[in-house]
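Q: structural data only, the sequence is not supplied:
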């Protein structure tokens, strides 16, 4: 897995025959951006044979990020591996909203952390902070530990708040929770890359998609510092019910939208 570094452009092109063969194979498999994907595979592969093997895995349906070992997120290359949720570009909006809401945060928790992309992006922007992350999936936690090591971050395996150090209660400035929010009945409608190669626990949010969100909202006030903020991504359709869950927990609520990214973030602040 590559180290967590600022995202960079693809390396100089390889011999045309090698690149062209990869492009043809990827295009035949239905990859819309075959040229760009071929360049990324060539950049990541140590040899031509390795590149060909990576292209075969991609053609078989493995997400490109799992093939090359990283995902670009908020100007970082975040290490990912098969079986780990791939951070979405729209979630960068959650990071930006967190930075705007609590620009001087010193204690950050990345809940349902997956690869730890959100926590890493916040740490990279905030500077030295106390950073903690948790996920129910031990494979994701191992990945997050590697990605957060550069920032002195800690990752724990367990259900939501349960594995966090008790001393964090009432001290968290930013609680970012990229919870699963796909309704159970809609999981089969997801792209094959997601439903076949990412953990169900990172996708399935229960009957209406808000089961985990409600649990996070209910527990957040015990962990937030005065003025601390909980941020959760959801869909436009689910936003009113998500706001209701935040309000029931006593948080001051705001909804942020980015139409270009189709991103909706619910922010709940604990009053000082």
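A: Arrived safely, thanks for sending. The structure presented is a predicted model; accordingly, all values stated were derived computationally and were not measured.
Q: next, the buried residues of stretch 149-164.
A: 151, 153-157, 160-161, 163-164 (16 or more other Cβ atoms under 10 Å). To be clear about C-beta, it is placed using only N, CA and C from the backbone, and glycine gets the same treatment.
Q: what's the answer for stretch 253-263, then?
A: Neighbour-count burial for stretch 253-263, counted by 16+ other Cβ under 10 Å, picks out 253-254, 256, 263.
Q: so what touches it?
A: By Cβ atoms under 8 Å, 6 or more residues apart in numbering, the surrounding residues in contact with stretch 253-263 are 89-94, 97, 233, 236, 239, 243, 246-247, 264-269.
Q: let's see which of the residues you listed end up in strands.
A: Cross-referencing the contacts of stretch 253-263 against strands under DSSP state E gives 233, 264-269.
Q: of those residues, select the buried ones using a PyMOL command.
A: Here is the PyMOL command that selects the buried residues among the ones in strands among the contacts of stretch 253-263 (16+ other Cβ under 10 Å):
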select buried, resi 233+264+265+266+267+268+269
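Q: ok, which stretches of the stretch 1-150 of the chain are strands?
A: With strands called from DSSP state E, counting those that start in this stretch, the stretch 1-150 of the chain shows them at 5-6, 70-73, 76-79, 107-111, 130-135.
Q: so what's the residue nearest the centre of the chain up against?
A: Centroid-nearest residue in the chain: residue 87, 3.3 Å away (criterion: Cα atoms, centre = their mean). Neighbouring residues of residue 87 by Cβ under 8 Å, 6+ apart: 71, 73, 78, 80, 114-115, 117-118.
Q: before we move on, the earlier item: mind putting the ones in strands among the contacts of stretch 253-263 in a markdown table, pLDDT and distance to residue 51 included?
A: Below are these laid out as a markdown table (pLDDT from 0 to 100; distance: Cβ to Cβ, whole Å):
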| residue | pLDDT | distance to residue 51 |
| --- | --- | --- |
| 233 | 97 | 34 |
| 264 | 96 | 39 |
| 265 | 98 | 38 |
| 266 | 98 | 42 |
| 267 | 98 | 43 |
| 268 | 98 | 46 |
| 269 | 98 | 48 |
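Q: out of the ones in strands among the contacts of stretch 253-263, who's nearest residue 33?
A: Residue 33 has its nearest neighbour among those in residue 233, at 24.5 Å by Cβ to Cβ.
Q: bridged to the closest one, which residues?
A: Beta-bridge pairing for residue 233 (DSSP bridges): residue 265.
Q: that one touches residue 178, doesn't it?
A: Yes - counting by Cβ atoms under 8 Å, residue 233 does reach residue 178; the two are 5.8 Å apart.
Q: anything in contact with each of the two?
A: 91, 94.
Q: on that earlier part again, could you point out which of the strands of the stretch 1-150 of the chain sits nearest residue 42?
A: strand 70-73 (14.5 Å).
Q: gap between the closest one and the chain center?
A: Centre-to-centre, strand 70-73 and its host chain are 9 Å apart (Cα atoms, centre = their mean, to the nearest Å).
Q: who are the packing partners of it?
A: Judged by 3 or more Cβ pairs under 8 Å, 6 or more residues apart in numbering; DSSP states H and E, strand 70-73 is in contact with strand 76-79, helix 117-126.
Q: in CSV: the contacts of residue 87, plus pLDDT, distance to residue 168 and neighbour count.
A: Converted to CSV, the contacts of residue 87 look like this (pLDDT from 0 to 100; distance: Cβ to Cβ, whole Å; neighbours: other Cβ atoms under 10 Å):
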residue, pLDDT, distance to residue 168, neighbour count
71, 95, 27, 23
73, 97, 24, 25
78, 97, 23, 30
80, 96, 26, 29
114, 97, 20, 29
115, 97, 21, 31
117, 98, 21, 32
118, 98, 17, 32
